[in-house]
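A.B. asks: Take this sequence and fold it.
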Amino acid sequence: MNDDATESVPPPPAKDAQLQWPGEFASGEEAAAAMNALTDRTLDGKMGIRYTYVAADRLEASMPVAGNTQPFGLLHGGASGVLAESVGSLAASLHAGAGLIAMGIELSCSHHRSATTGEVHASATPLSLGRTLATYEIRITDDSARPVCTARLTCLLRDV
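C.D. replies: Modelled structure (predicted):
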């Protein structure tokens, strides 16, 4: 075990820490910066996902291809799934509001082309927003705005 890697991981926030709800920020960019600070210790952080715009009606993020590839050097389909579920779940949580969380219950992904360099960019937009379910379409593109993957995520909205 590498002790240096263990020591560099900051401790998680206290369980009773007061976190500002992303919907309380003045802009989608400000909310994105706050989300990036919170996700450094999560799977989003490990995958290199960085939020660029955070709002309930549109949520955007980017992820590097490097480090998220299969052995043949192509973006791993599972990495696209992680990106899709991350942006869709956060958007659904914003729709639900404070006191509720979104839990992904169905994710489907169609992969259109490979990506081998640069970043991929995800944009989540709502398809159906209800009191207990929210469904989002997530479009993932490469740096040239060509479609890499389209996904649909349905989330169950539950009390925290």
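
A.B. asks: Pull out the buried residues from the lengthiest helix in the chain.
C.D. replies: Looking only at the chain and at elements set by DSSP state H, the helix with the highest residue count is helix 77-96. Neighbour counts over helix 77-96 (16 or more other Cβ atoms under 10 Å) mark 79-96 as buried. No exception for glycine: its C-beta is placed from N, CA and C like everyone else's.

A.B. asks: now swap in stretch 134-153 and tell me
C.D. replies: Buried residues in stretch 134-153 (16+ other Cβ under 10 Å): 134-142, 148-153.

A.B. asks: so of these, which ones are in strands?
C.D. replies: Among the buried residues of stretch 134-153, the subset assigned to strands under DSSP state E consists of 134-141, 148-153.

A.B. asks: What does the nearest residue to residue 75 once chain neighbours are set aside show for phi and psi?
C.D. replies: Distances taken as Cβ to Cβ, 6 or more residues apart in numbering put residue 115 closest to residue 75, at 4.2 Å, once the chain neighbours are dropped. Per-residue torsions, residue 115: phi -130, psi 140 (degrees, to the nearest 10).

A.B. asks: Which pLDDT value belongs to residue 115?
C.D. replies: Note on residue 115: pLDDT of 98.

A.B. asks: Could you shift the numbering so residue one becomes 198, and keep it that way?
C.D. replies: Got it, first residue is 198 now, which makes that one residue 312.

A.B. asks: I'd like to know how far it sits from residue 238.
C.D. replies: Distance, residue 312 to residue 238, using Cβ to Cβ, to the nearest Å: 26 Å.

A.B. asks: from the ones in strands among the buried residues of stretch 331-350, which two are the most distant?
C.D. replies: 331 and 345 (23.4 Å; Cβ to Cβ).

A.B. asks: measure residue 305 to residue 242 for me?
C.D. replies: Noted for residue 305: a distance of 25 Å to residue 242, by Cβ to Cβ.

A.B. asks: Perfect, I'm done here.
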